[in-house]
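Engineer: Just the structure for this:
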Amino acid sequence: SCSLIPPLLLCSCVCVCVCAPEQAVVMLVLGLGDLHIPHRAADLPPKFKSLLVPGKIQHVLCTGNLCTKEQHDFLKSICPDIHIVRGDFDEVSTYPETKVITMGNFKVGLCHGHQVVPWGDPEMLAVLQRQLDVDVLVVGHTHKFKAYEYEGRFIVNPGSATGAYSAFESESTPSFILMDIHGNTVVTFVYQLSPEGDVKVEKIEYTKA
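Structural biologist: Here you go, the predicted model:
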């Protein structure tokens with residue numbers, strides 16, 4: 001069988017099955033950002049909150065713009081191993097601009113992305129990725145999910161977890177990612193809230209050379 005339910009949707013009434021190799025989960029990493037609570041959104045979608053519970057996730061990567069300490073504390077309640085970089089609307093000034101974390105066989109870079117101009121440009125993000133010398137770059141700011149391989153490395157934007165509006169659009173699709181890291185492979189599940197209120201899941205796989 002090649003059927004696997006994405007890890008956060010196990011025992012959930014909104015589960016969506018996708019195909020993925022059946023193998024033991026080694027490391028689960030939550031990636032999210034651009035919440036903009038309370039300025040652009042009141043809270044995370046309830047269906048997302050019901051999935052983000054303690055005990056399932058080993059690391060949290062946040063691309064910034066939480067924007068308050070309360071949101072920081074909420075993420076810390078999900079998993080104490082949390083890494084956050086500073087967004088352009090964060091009240092906490094002590095977050096770093098960029099961060100590099102080693103996770104298994106991968107070096108993962110984290111950056112909000114407002115520092116990279118043009119915003120969301122693959123070529124300029126690749127420049128940052130080379131500067132940080134990372135296999136995977138997790139970046140935000142555009143409020144739009146994106147995941148792709150570029151020059152043999154992997155770039156992923158988890159989007160806005162609340163669907164907050166951005167400088168690009170008046171509204172966005174709420175989304176976050178869960179990365180399953182094992183060996184030289186990262187399987188990225190993107191969780192998106194449809195206009196009908198259902199959680200949809202897609203899978204992207206990256207294997208480094």
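
Engineer: Residue 27 touches residue 185, doesn't it?
Structural biologist: No: under the criterion of CB atoms under 8 Å, residue 27 is not in contact with residue 185, lying 11.2 Å apart. For the C-beta atoms, the positions are set from N, CA and C on the backbone; glycine is no exception.

Engineer: Next, show the common contact partners of the two.
Structural biologist: Shared contacts of residue 27 and residue 185 (CB atoms under 8 Å, 6 or more residues apart in numbering): none.

Engineer: can you give me the strands for this structure?
Structural biologist: Applying DSSP state E to the chain gives strands spanning 3-4, 18-19, 27-32, 59-62, 82-84, 98-103, 106-111, 136-139, 146-150, 153-157, 175-182, 185-193, 199-207.

Engineer: winner for burial among the ones you listed?
Structural biologist: strand 136-139 (a mean of 28; mean count of other CB atoms under 10 Å).

Engineer: Quick one: list the elements packing against it.
Structural biologist: strand 106-111, helix 122-132, strand 153-157 (3 or more CB pairs under 8 Å, 6 or more residues apart in numbering; DSSP states H and E).

Engineer: Can I get those in CSV including mean pLDDT and distance to residue 44?
Structural biologist: Shown next, in CSV, are these (pLDDT from 0 to 100; distance: least, CB to CB, whole Å):
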stretch, mean pLDDT, distance to residue 44
strand 106-111, 97, 20
helix 122-132, 96, 26
strand 153-157, 98, 18
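
Engineer: Geometric centre of the chain: which residue is closest?
Structural biologist: Ranked by distance to the mean C-alpha position of the chain (CA atoms, centre = their mean), the top residue is residue 31 at 2.4 Å.

Engineer: hang on, isn't residue 108 packed against residue 61?
Structural biologist: Yes: using CB under 8 Å, residue 108 is in contact with residue 61, at 7.1 Å.

Engineer: Between the strands of the chain, which one is closest to residue 118.
Structural biologist: strand 136-139 (13.0 Å; CB to CB).

Engineer: Using CSV, list the CA coordinates for that closest one.
Structural biologist: Presented in CSV, the C-alpha positions along strand 136-139 are these (Å, rounded to 0.1, in the frame of the first residue of the first chain):
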residue,chain,number,x,y,z
VAL,A,136,16.1,24.2,2.5
LEU,A,137,15.0,27.8,2.7
VAL,A,138,11.8,28.6,4.6
VAL,A,139,10.6,32.1,3.8
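
Engineer: which residues are in contact with it?
Structural biologist: 31, 61, 63, 106-113, 116, 125, 128-129, 153-158, 179, 186, 206.

Engineer: ok, that strand: who's next to it in the sheet?
Structural biologist: For strand 136-139, the pairing partners within the sheet under DSSP bridges are strand 106-111 (parallel), strand 153-157 (parallel).
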